[in-house]
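In: sequence and predicted structure are below.
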Amino acid sequence: MARLVIIDDESHITDIITRFFREKGHEVQGFTRADEALTHLTTAQVELVITDIAMKGLSGLELLSKMKALGLDIPVIVTTGNPSHNSAVLALRGGAFDYVVKPFHLDEIAERAEKALSAKRVKDENLLYSKLVSLHSISRVTAEAASMEDLSEKVIKLGTKLTGSDGGWYWVSSPSSDTAISGMKVLYPEAGSIGQHAFLLKVARSTAEKMDVEVTDAADDEGGPGAWYLSLPVEVSSALHGVLVFRRTKPAPKYDAVDLEVFNQLAATFALGIRALGLFPRTVAPDMAEGGKPLESWARLIGQMVDEHCAGYEAKGERVEALGRVLMQTMNWPAETGESWPLVCRIYDIAKVRVPQRMLEDKNVLADGDLEFVHAQAAWACERISSIPGLETTARVLEDFQESFDGSGRPRGIRGRAIAPLARVLAVADAYVSMRSARPYRGALSEVDSIEVVRQGSGKRFDPEVVLALSKARGL
């Protein structure tokens, strides 16, 4: 389903096209005046516009020009009764996606609409992908932050850049107050005026109460042209830490779905940075201890989802779990070290479910940019898992799984024994099991070749002790 706007000053044509697309399951708004449609476009999330060119009042060409001036990146299909196509050519030059000559068959315009919507989906996906790759670079920057103010500044600067915002603030909840909402205060930066401070506090408290993302339309922003405000809660260990607020001054367009996804990822990365600074306590629910039945059921479900989403991953978690147990026994590790191992093996690949199928099924090895995107999803997964009571130890393992034994990994660049023990086992077991399975870009490697590749990474990506245990366990 997509959200469409149909514009034609002949009401019967508007009605026919509107009804046609509604019957196909789309959400459609019809207008006979382009100026009224333009007002709707600036406030609603519209994915396609179909408009006549020659209309009373604002023409289709003028509508295109105004949409461009407002920064409305929405594909437009124009309809024209001009047999010479002159107006259609002008429309294409003005940014229209396609045109249809009247009289037209409804199936014809449906086909053009599907092409436009498909092109927009690909464009949005590529835009989101590039922004998330850029967003992941903050993981190293946040690791260097020395205080909440420093961390907040870094996050706000990146967030405003990625979404074209012109301002950003972080409101932190005060643990000393009766409620997080009443004790909220702006941490960075200070508001420009008393009026702005009061408005931002109102937005922050509303978002904290709802614990959900909000887009606020400030029609008159301090006597200026108005602005859009995007606010979202930042949760650390299942509790509210604060609220991020960003502003986009009009006539800039309303925050869209791509912006919301970027901000969700930004909030997850921000929360990881807060935890790394040790500025927020963790709480564990007494009835959800790690290894409890509710968590086991949830973990099995996650494992099934990963298997179904990823080609060649069938029962991968179970194979990694079995191999890891052998490795720990070979190294004579105490049994309690591996208590959370089954949970780790079922959910450590959860980030893969956010990776598009086209990337997972690519017959070529992932490029550097694609790998950065995958790592960005891993940061998201670590924060989400850490917020579940009873999974704090597992979250630490998943976070350290991105690290390398020589300190060249991410997100903190720690090395050697500073990496969680199960993360060091997971790195070797995952690499071996993955190489022994076929992938779209290669066939399965032999046991000898797989172990040789792991050996080459000993002391670099992998812990030499665990690599030696793999060789002993496989008799090679």
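Out: Right, received. Where do you want to start? Numbers count the residues shown, from 1 in each chain.
In: so where's the stretch 251-400 of the chain uncertain?
Out: Under the criterion pLDDT under 70, the flagged ranges of the stretch 251-400 of the chain are 276-295, 297-298, 309-314, 357-372, 375.
In: all strands of it, in order?
Out: Secondary structure of the stretch 251-400 of the chain, counting by DSSP state E, counting those that start in this stretch: no strands present.
In: for the helix or strand in which residue 427 is found, what does the pLDDT average out to?
Out: Take DSSP states H and E as the rule and residue 427 turns out to sit in helix 421-435. Confidence over helix 421-435 (mean pLDDT, whole number) is 92.
In: which neighbouring elements make contact with the helix or strand just after it?
Out: Counting by DSSP H and E, the next helix or strand C-terminal to helix 421-435 is helix 447-456. If contacts are counted by 3 or more Cβ pairs under 8 Å, 6 or more residues apart in numbering; DSSP states H and E, helix 447-456 sits against helix 421-435, helix 464-474. For glycine as for every other residue, the C-beta is placed from the backbone atoms N, C-alpha and C.
In: what's the angle between the last one and helix 421-435?
Out: Yep, that's helix 464-474 we're talking about. Note on geometry: by axes from the mean of the first three to the mean of the last three Cα atoms, to 10 degrees, helix 464-474 and helix 421-435 are set 50 degrees apart in direction.
In: for helix 464-474, give the mean pLDDT please.
Out: In the prediction, helix 464-474 has an average pLDDT of 91.
In: equivalent analysis for stretch 211-220, please.
Out: Averaging pLDDT along stretch 211-220 yields 84.
In: now do it: distance to the chain's middle.
Out: Stretch 211-220 has its average C-alpha position 20 Å from the chain's average C-alpha position, going by Cα atoms, centre = their mean, to the nearest Å.
In: can you give the contact residues for it?
Out: Counting by Cβ atoms under 8 Å, 6 or more residues apart in numbering, stretch 211-220 makes contact with 43, 199, 203, 206-207, 226-233, 235, 240, 254-255, 260, 263-264, all of which sit outside it.
In: in ChimeraX, how would I select the buried members of those?
Out: Provided next is the ChimeraX selection string for whichever of those are buried by 16 or more other Cβ atoms under 10 Å:
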select :199,203,207,227,228,229,230,231,232,233,235,240,254,255,260,263
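In: can you list which of the contacts of stretch 211-220 are found in helices?
Out: Of those, the ones assigned to helices by DSSP state H are 199, 203, 206, 207, 260, 263, 264.
In: which of those lies closest to residue 22?
Out: Looking at these and their distance to residue 22, the nearest is residue 260, at 25.7 Å (Cβ to Cβ).
In: ok, that closest one - contacts?
Out: When contacts are taken as Cβ under 8 Å, 6+ apart, residue 260 is in contact with 213, 230.
In: what about the helices in the stretch 251-400 of the chain?
Out: 257-277, 293-309, 316-330, 341-347, 357-360, 368-386, 392-400 (DSSP state H, counting those that start in this stretch).
In: most tightly surrounded among the ones you listed?
Out: For the helices of the stretch 251-400 of the chain, the largest average neighbour count (mean count of other Cβ atoms under 10 Å) is found in helix 341-347, namely a mean of 25.
In: and that one, what does it pack against?
Out: Helix 341-347 sits against helix 293-309, helix 316-330, helix 392-400, helix 421-435, with contacts defined as 3+ Cβ pairs under 8 Å, 6+ apart.
In: try it again with 10 Å
Out: Judged by 3 or more Cβ pairs under 10 Å, 6 or more residues apart in numbering; DSSP states H and E, the packing partners of helix 341-347 are helix 293-309, helix 316-330, helix 368-386, helix 392-400, helix 421-435.
In: any idea which of these gets closest to residue 79?
Out: Of the helices and strands packed on helix 341-347, nearest to residue 79 by Cβ to Cβ is helix 368-386, at 38.7 Å.
In: JSON lines please, covering the helices of the stretch 251-400 of the chain and showing distance to residue 245.
Out: Compiled in JSON lines, the helices of the stretch 251-400 of the chain are given as follows (distance: least, Cβ to Cβ, whole Å):
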{"stretch": "helix 257-277", "distance to residue 245": "10"}
{"stretch": "helix 293-309", "distance to residue 245": "32"}
{"stretch": "helix 316-330", "distance to residue 245": "39"}
{"stretch": "helix 341-347", "distance to residue 245": "32"}
{"stretch": "helix 357-360", "distance to residue 245": "33"}
{"stretch": "helix 368-386", "distance to residue 245": "20"}
{"stretch": "helix 392-400", "distance to residue 245": "27"}
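In: no further queries at this time; thank you.
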